[in-house]
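Novice: okay, sequence plus prediction incoming.
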Amino acid sequence: MPETDSPAPRVFISYSWTSVAHTNRVVELAERLVRDGVDIILDKWELKEGHDKYAFMERMVTDQNVTKVLILSDKEYAEKADKRRGGVGTESQIISKEIYDKVSQEKFIPVVLDYDSSGDPSLPVFLRNRIYIDFSTPEKTYENHEQLLRTIFGRPALQKPKLGKPPAHIFVAKTSYSSNRMALEAFKNSLRQDKSNYIGLAREYLSAFAAGLEAFRISSDKSTLEEDFLSSIHDMLPARDELVEFYGAAFEYKEDGALVEVLIEFLEKCLTYNYRTWEMHSWSDQWFENFSFFNHEAFIYLAAILIKYKRDAVLHNLLSHEYYVEVEGRGSHHFVRYTRFRSNSVILNSINKKSKDRVLSPEAKLFKERAVLPSVPFRAFMEADFVLFLWSVVNDVGYHQWFPDSLVYAGWSEAFPLFARARSGKGFLRVAKILGVSSRQELKQKYDNTMSSPKGQGWEILTFQADISFKTLMNYKEITTETEKT
C-alpha cells in the first residue's frame, strides 16, 4: 500500500461465539486485515481477566477513535441480537439495536457469513436494510475481501468524478430540433456488433437528417433576418452535435468505400440548402446563410474526426471529390469542390460591424463559443480547419478557396500535432496521403509556388494582422526537408 500521512483505520470486530471453528475463522480474518494495514480491535487480543466484556464492547462501538465496526453476522449472531437471549459472555458480544442507534450507522459494516433456510442473509432485523458484504463461502470471502478493504479505507472502486462545467447550450431555450436518436443508436449498435446492415442504417439515418434540415429554413422578413439567423444556428446546435456523434461512431469503426459513398450523397444534399429551392421565384442569398454556417462548421468537424481516427484516405477522397448539387438558375455547372462548404456570412459581418466589441472573424468567435464537444477539442477543430486550408494551397481548387477562420485563436503556437509528427517518415506519410503529394520536395514546391502567387500573397495579408504563421503551424522547415527522420 502506498505510504500516506493518514493513520491506519481502527476497526472493532463484533461476532458471536458460535463455535471454536467459527472463532478461529474470525481470528484468521482479523490477522489478514492487520497484514493489510488495518488496526483491528478483537476481544481475543484486547480483553484480559477481570475486564467487563459488555462495557468493552459498548466502549469500542461508541469510541470516536474507532472508525468502523465490523459485524460478522451468522445465524447465531442474528438470533441473539433479535431475541437478546443467551447467558453472560454471549450476548455481550452482540451489537444491540440500542447501541446501534447511539452512533452513526455509517460506522457499521455488516458482513454476512451465511444465509437462513429461506435464502435470506443472516442479519439482525435492524440491519436487514443495510448493504452488506458477502463472506458466506470461501470463494465469496476471497472475491469480496478487496471490497471490504475499500470500505474500511473509504476508497471505493467506483468514485464520483470531479464536477465539470455544464455545456453552455443547456442554459438557453430548448431548440426545435427533432432528434433522430433511435436511428443513430441502431446504426451504432450495428457497428459494435459488426453486422452487415450498417450501410443501410447509415443511409437511413443521414437521409432523415438531411430532410430534417428543412425545419430550420428561416423567414425572409428583412426586419428580423439577423435575429432569425442567430436563433436558427442556435437551434441547429443539437443537430450538429448528433451529426458529429454519427461521424465519430462511423469512422472509429469503418472507412470502406460504400460508407464514404453514402456520406458523399449526404453532403451533396446538405449543400443544396445553401441555395434557393425550385419553388422560389425571388430570394436573397442571405436567407440561406444559416445552412451555409451549419455546413461550414459541420464539415470542419467531419475533417477533425477523420484526422482523429487516421482516416487519411477518406479525408483526401472528400477533399478531391467534385460534389454534384442541383441548383435552379445556376446554369449547367453543378459540380463544386469542398471549398463550397465554407461560408462567409454577410449577416454575421453586418452584426459584427454594428457591435461595440468587433472581432476579426465573427465566424471564428461562434466556432469557439460552440466548441463544447469533448470528442473534438477546439484545437483539434482548428487543426482540421488548417488542413482544409492547406489542401487548397497545395491543390488547385479554382475560384472558391478555403480560408481557416478559426485560426484567429491559434496565435504563435507550436505546430499542430499532425504536422509536428510529420518530421518522421511515418508521420509524413499521413500528411502526404491527405494532401496528395508524393514527397517533401513536392509539398515544398507546391506550397511555395502558391504562396508566392497573388493568391498566396492575399492569404498572407489575411493572416489576422500577422498574429499567426502558417509555416509554424505546418512545421514547414521540418516537413519540407528531404533528410529522412525516423
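Specialist: Nice, I can see it.
Novice: name the nearest residue to residue 243, sequence neighbours excluded.
Specialist: Spatial nearest neighbour of residue 243, chain neighbours left out: residue 298 (5.8 Å); criterion: CB to CB, 6 or more residues apart in numbering. Every residue, glycine included, has its C-beta placed from N, CA and C.
Novice: residue contacts, the one you found?
Specialist: 240, 243, 244, 270 (CB atoms under 8 Å, 6 or more residues apart in numbering).
Novice: in the stretch 201-350 of the chain, which spans are strands?
Specialist: Listed in chain order, the strands of the stretch 201-350 of the chain (DSSP state E, counting those that start in this stretch) span 323-324, 335-336.
Novice: those: lowest mean pLDDT?
Specialist: Of all those, strand 335-336 carries the lowest average pLDDT, namely a mean of 87.
Novice: and residue 181, how many neighbours does it have?
Specialist: Other residues within reach of residue 181 by the criterion other CB atoms under 10 Å amount to 11.
Novice: which residue is the nearest non-sequential neighbour of it?
Specialist: residue 242 (7.3 Å).
Novice: ok, residue 268 next?
Specialist: Using CB to CB, 6+ apart, the closest residue to residue 268 is residue 323 (5.1 Å).
Novice: mind listing what the one you found touches?
Specialist: Applying CB under 8 Å, 6+ apart, the residues contacting residue 323 are 264, 267, 268, 271, 335, 336, 337, 338, 340.
Novice: hmm, back to that, okay if I get the strands of the stretch 201-350 of the chain as TSV plus distance to residue 199?
Specialist: Below are these laid out as TSV (distance: least, CB to CB, whole Å):
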stretch	distance to residue 199
strand 323-324	20
strand 335-336	25
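Novice: quick one: which of these is nearest residue 256?
Specialist: strand 323-324 (20.0 Å; CB to CB).
Novice: ok, that closest one: who's next to it in the sheet?
Specialist: Sheet pairing of strand 323-324 (DSSP bridges) gives strand 335-336 (antiparallel).
Novice: ok, and what's touching the strand it pairs with?
Specialist: By CB under 8 Å, 6+ apart, strand 335-336 touches 271, 322, 323, 324, 325, 400.
Novice: same question, stretch 286-295
Specialist: With contacts defined as CB under 8 Å, 6+ apart, stretch 286-295 is touched by 213, 216-218, 220, 225, 228-229, 232-233, 236, 239-240, 270-271, 273-276, 341, 343, 345-348, 363, 366.
Novice: now with 7 Å?
Specialist: Residues outside stretch 286-295 that contact it (CB atoms under 7 Å, 6 or more residues apart in numbering): 213, 216, 218, 220, 225, 229, 232-233, 236, 240, 270-271, 273-275, 341, 343, 345-347.
Novice: what do you get for stretch 58-76?
Specialist: Stretch 58-76 has contacts (CB under 7 Å, 6+ apart) with 9-16, 18, 22, 26, 41, 95, 99, 102-103, 107-114, 116, 122-124, 127, 152.
Novice: restrict these to the buried ones and give me that as a ChimeraX selection.
Specialist: Command for ChimeraX that selects the buried part of the contacts of stretch 58-76, burial taken from 16 or more other CB atoms under 10 Å:
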select :9,10,11,12,13,14,15,16,18,22,26,41,95,99,107,108,109,110,111,112,113,114,122,123,124,127,152
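Novice: in strands, which of the contacts of stretch 58-76 fall?
Specialist: For the contacts of stretch 58-76, membership in strands holds for 10, 11, 12, 13, 14, 41, 108, 109, 110, 111, 112, with DSSP state E as the criterion.
Novice: my read: the first one touches residue 37, true?
Specialist: No - counting by CB atoms under 7 Å, residue 10 does not reach residue 37; the two are 11.5 Å apart.
Novice: so residue 179, which of the three states?
Specialist: Recorded secondary structure, residue 179: coil (DSSP: H, G, I helix; E, B strand; the rest coil).
Novice: from residue 212, how far out is it?
Specialist: 9 Å (CB to CB, to the nearest Å).
Novice: now do residue 451
Specialist: Remark: distance between residue 451 and residue 212 (CB to CB) = 41 Å.
Novice: below-threshold pLDDT in the stretch 201-350 of the chain: ranges please.
Specialist: Across the stretch 201-350 of the chain, residues meeting the criterion (pLDDT under 70) sit at 220, 278-284, 327-333.
Novice: which segments of the chain make up each domain?
Specialist: Domain assignment for the chain, taken from automatic domain parsing, gives 10-153, 177-372.
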